[in-house]
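Novice: Have a look at this prediction, sequence included:
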Amino acid sequence: MKLSEDYSDGTYVIRAYDKDSITVNNSDLKQSLLIANHQLNSDWGIRHVEEISHQHWEDILQLRPEVILIGTGSHLVFPHPSSYAPVIQQGIGVEFMDSMAACRTYNILLSEDRAVVAGIIL
C-alpha cells in the first residue's frame with residue numbers, strides 16, 4: 001500500500017509498506033526498524049517479538065514516547081506482560097498489532113503530532 005502526506009523536513013514518515021519492505025521517506029528498508037518522529041534505526045535487529053529485551057525497551061523509553069507501537073510481523077503476537085514491564089512501570093501506552101497496522105497507526109499518530117515510537121518487525 002502506498003501512502004502520501006506532507007510532513008516537515010527531518011520527520012520520518014512511512015510512505016509505503018508490504019510484508020517484505022517498508023519505505024521510510026525515500027528509503028526502501030527490508031529489515032525490522034525502530035522509527036520515531038525524528039529518529040530512525042533502520043536495522044533494529046529484531047526478528048520476533050520475543051527477542052525484544054528489557055534493554056530494547058529501555059532504549060525505546062529514552063526516546064520519550066507517549067505511545068509505543070510494536071508491529072509483530074504478518075500476524076499479531078502478544079508477548080508476556082513481564083517482557084515489557086519497564087514500559088508498564090512508566091505508565092506509557094504500548095500496543096501490539098500486525099506490522100501493516102503498526103505502519104498505518106504510526107502515520108496517523110505522527111500526523112496528530114503525538115510522540116510515537118514504532119518498532120516494526122519484518
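Specialist: Structure's in. What do you need? Numbers count the residues shown, from 1 in each chain.
Novice: what's the helix ranked longest in the chain in contact with?
Specialist: Among all segments of the chain classified by DSSP state H, the helix with the greatest residue count is helix 99-111. For helix 99-111, contacts defined as C-beta atoms under 8 Å, 6 or more residues apart in numbering pick out 1, 3, 5, 7, 11, 13-14, 17-19, 22, 35, 37, 67, 69-74, 95, 97, 116, 118, 120-122. Every C-beta, even on glycine, is put in place using the N, C-alpha and C of the backbone.
Novice: how does it look with 7 Å?
Specialist: Here helix 99-111 makes contact (C-beta atoms under 7 Å, 6 or more residues apart in numbering) with 3, 5, 13-14, 17, 22, 35, 37, 67, 69-74, 97, 116, 118, 120-122.
Novice: Just the buried ones from the residues you listed, in PyMOL syntax?
Specialist: Buried residues within the contacts of helix 99-111, by 16 or more other C-beta atoms under 10 Å, are selected in PyMOL with:
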select buried, resi 13+14+17+22+35+37+67+69+70+71+72+73+97+116+118+120+121+122
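Novice: hang on, isn't Asp20 packed against Leu29?
Specialist: No - between Asp20 and Leu29 there is no contact under C-beta atoms under 7 Å: 10.1 Å.
Novice: Which of those two has more residues huddled nearby?
Specialist: Using other C-beta atoms under 10 Å, the more surrounded residue of Asp20 and Leu29 is Leu29, with 19 against 9.
Novice: low-confidence ranges in this protein?
Specialist: 1-10 (pLDDT under 70).
Novice: now the strands for the protein?
Specialist: Here the chain has its strands, by DSSP state E, at 14-17, 22-24, 27-29, 33-36, 39-41, 67-71, 93-97, 116-120.
Novice: Paired strands for the fourth one, with orientation please.
Specialist: I take that to be strand 33-36. strand 39-41 (antiparallel), strand 116-120 (antiparallel) (DSSP bridges).
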